[in-house]
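In: From the sequence below, what's the structure:
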Amino acid sequence: MKTTPHFQDADLFYEQLLDAHCGLSPEQSELLNARLILILANQIGSRDVLTDCLRAARELPGTS
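Out: Numbering: from 1, shown residues only. Model (predicted):
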């Protein structure tokens, strides 16, 4: 799992992500996020890396 920034253009991606949600209902926005997660997970492919990513995402600061 990569833990250092690896984006080619993080600001542009963030802007595109926000734009993708424009005009969507909360339910549609949740579905978009779910589809995006599955598409990105497919790009990663490795079960071990995905498990590490899930674990890292659950370890939010201040939630332990």
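In: Show me the strands in the chain, by range?
Out: Taking DSSP state E, the chain contains no strands at all.
In: Please enumerate the helices of it.
Out: 10-21, 26-44, 47-58 (DSSP state H).
In: Run through the neighbouring helices and strands of the last one.
Out: Other elements packing on helix 47-58 under the criterion 3 or more Cβ pairs under 8 Å, 6 or more residues apart in numbering; DSSP states H and E are helix 26-44. Where you see a C-beta, it was placed from the backbone N, CA and C, and this is true even at glycine.
In: Go ahead and flag the most central residue of this structure.
Out: Among the residues of the chain, the one closest to the centroid is I37, at 5.6 Å (Cα atoms, centre = their mean).
In: what separates it from R47, distance-wise?
Out: 15 Å (Cβ to Cβ, to the nearest Å).
In: remind me which residues of the protein are low pLDDT?
Out: For the chain, the stretches with pLDDT under 70 are 62-64.
In: In a markdown table: the helices of the chain, plus distance to T3.
Out: Shown next, in a markdown table, are these (distance: least, Cβ to Cβ, whole Å):
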| stretch | distance to T3 |
| --- | --- |
| helix 10-21 | 15 |
| helix 26-44 | 14 |
| helix 47-58 | 8 |
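In: Please name whichever of those helices is nearest to M1.
Out: Evaluated with Cβ to Cβ, those place helix 47-58 nearest to M1, the distance being 4.2 Å.
In: Just checking the distance from the closest one to the centre of its chain.
Out: 12 Å (Cα atoms, centre = their mean, to the nearest Å).
In: swap in stretch 3-22?
Out: 10 Å.
In: gap between the two ends of it?
Out: Distance between the two ends of stretch 3-22: 29 Å, counting by Cα to Cα, to the nearest Å.
In: Residues in contact with that stretch: which ones?
Out: S29, L32, A56 (Cβ atoms under 8 Å, 6 or more residues apart in numbering).
In: List only those of these flagged as buried.
Out: Among the contacts of stretch 3-22, none scores as buried (criterion: 16 or more other Cβ atoms under 10 Å).
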